[in-house]
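*Asks:* below is the sequence, then the predicted model.
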There are 2 protein chains.
Amino acid sequence: MLTAKIYVTLKPGVLDAQGDTVKSALETLGFRGVADVRIGKFLVIRLDGHAREQTAAQVEEMCRRLLVNPVIEDYSFELEEAGG
Amino acid sequence: MLTAKIYVTLKPGVLDAQGDTVKSALETLGFRGVADVRIGKFLVIRLDGHAREQTAAQVEEMCRRLLVNPVIEDYSFELEEAGG
């Protein structure tokens, strides 16, 4: 069993309304020095099998075909051997 | 300038409807061997200052007060020295 941890972020320059809202909320709560907040997705996918290279190719394809909008989002991922 | 990367995940056992939907979609697209999909948030916050200990305490407090729902979510974060 392998675990893919996928990080999906908005590309630099793409407006992050949710991030801006959180930044304002943090300031309202009294937090100082917050320069920027960007909010992305963190996906954890557990996959059968132990073939790292093949699984990495599969995760890459998942990102391209479903998980990521390449127009506005970047992504990266890492594979870990899972416990269960 | 420090960058906090914050990973917010649903606690084990909490139903992840979005994750289940993505799992179904991956199977519909023909991907085999997907055991589980969990979807969380990935926040990147850029903070003024270089005092790691103080900033870590501040990020911890941000998570507790605003960013994380402790009833259903877990979180972890790491601090990195930022370029700009």
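*Replies:* Structure's in. What do you need? Numbers count the residues shown, from 1 in each chain, chains lettered A, B, ... in the order given.

*Asks:* so what touches stretch A:22-37?
*Replies:* A:16, A:19-20, A:39, B:1, B:43-49, B:58, B:61-62, B:65-67 (CB atoms under 8 Å, 6 or more residues apart in numbering or on different chains). Heads up, the C-betas are built off the backbone N, CA and C, glycines and all.

*Asks:* same check, this time on stretch A:47-60
*Replies:* Identification of contacts with stretch A:47-60 by CB under 8 Å, 6+ apart yields A:1-4, A:6, A:45, A:77, A:79, A:81, B:31-35.

*Asks:* run the last query once more with 10 Å
*Replies:* By CB atoms under 10 Å, 6 or more residues apart in numbering or on different chains, the residues outside stretch A:47-60 that reach it are A:1-6, A:43, A:45, A:62, A:67, A:75, A:77-79, A:81-82, B:26, B:31-37.

*Asks:* in helices, which of these appear?
*Replies:* Among the contacts of stretch A:47-60, DSSP state H puts A:62, B:26 in helices.

*Asks:* which of the contacts of stretch A:47-60 are buried? Put it as a PyMOL command.
*Replies:* Remark: buried members of the contacts of stretch A:47-60, expressed as a PyMOL selection using 16 or more other CB atoms under 10 Å in any protein chain shown:
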select buried, (chain A and resi 2+3+4+5+6+43+45+62+67+75+77+79) or (chain B and resi 26+31+34+36+37)
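
*Asks:* cool, thanks, talk later.
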